[in-house]
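A.B. asks: here is my input, please return the structure:
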Amino acid sequence: MTKDLTKLLIKKTGFRTSNILACPLYGSQQHRLGVLEVINKASGTFDQWDETLIMTLAAQCGMAIHRQFLTE
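C.D. replies: Next up is the predicted model:
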């Protein structure tokens with residue numbers, strides 16, 4: 001994202017991203033399904049515990065999405 005677009009989005013929405021943590025969502029056989037992303041931790045910055053937590057949650061979400069695809 002360009003700096004100009006970032007400034008425009010902040011001006012229009014008033015929303016500012018101070019920190020971000022992202023983790024891929026995988027189904028079976030490491031098939032990429034998407035990304036789980038969390039932004040703006042309430043206090044401080046994301047740490048190792050946050051990374052472990054989002055990786056665990058992403059693994060569960062990825063398998064749930066994969067199972068849903070199988071039932072459709």
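A.B. asks: which residue sits closest to the residue positioned nearest the centre of the chain, ignoring its sequence neighbours?
C.D. replies: In the chain, the C-alpha closest to the average C-alpha coordinate belongs to E37, at a distance of 1.1 Å (C-alpha atoms, centre = their mean). Counting by C-beta to C-beta, 6 or more residues apart in numbering, E37 lies nearest to A22, which is 4.4 Å off, once chain neighbours are set aside. Bear in mind the C-beta positions are built from the backbone N, C-alpha and C, glycine included.
A.B. asks: just to be sure, that neighbour is in a strand?
C.D. replies: Yes. Using DSSP: H, G, I helix; E, B strand; the rest coil, the assignment for A22 is a strand.
A.B. asks: quick one, what contacts the residue nearest to the centre of the chain?
C.D. replies: Residues near E37 by C-beta atoms under 8 Å, 6 or more residues apart in numbering: I20, L21, A22, C23.
A.B. asks: how far away is the third one from K11?
C.D. replies: Here the distance between A22 and K11 works out to 25 Å (C-beta to C-beta, to the nearest Å).
A.B. asks: these two: who's more crowded?
C.D. replies: The residue with more neighbours, out of A22 and K11, is A22; 11 against 8, by other C-beta atoms under 10 Å.
A.B. asks: residues in contact with that one?
C.D. replies: Here A22 is in contact with V35, L36, E37, V38 (C-beta under 8 Å, 6+ apart).
A.B. asks: same thing but 7 Å
C.D. replies: Taking C-beta atoms under 7 Å, 6 or more residues apart in numbering, we find A22 in contact with V35, L36, E37.
A.B. asks: now A64
C.D. replies: Contacts of A64 by C-beta under 7 Å, 6+ apart: none found.
A.B. asks: host element of it?
C.D. replies: Here A64 sits within helix 48-71, counting by DSSP states H and E.
A.B. asks: re the thing from before, which among the contacts of A22 gets closest to I65?
C.D. replies: Nearest to I65 among these: L36, at 10.4 Å, using C-beta to C-beta.
A.B. asks: in stretch 46-57, what's buried?
C.D. replies: Using 16 or more other C-beta atoms under 10 Å as the test for burial, stretch 46-57 gives F46, I54.
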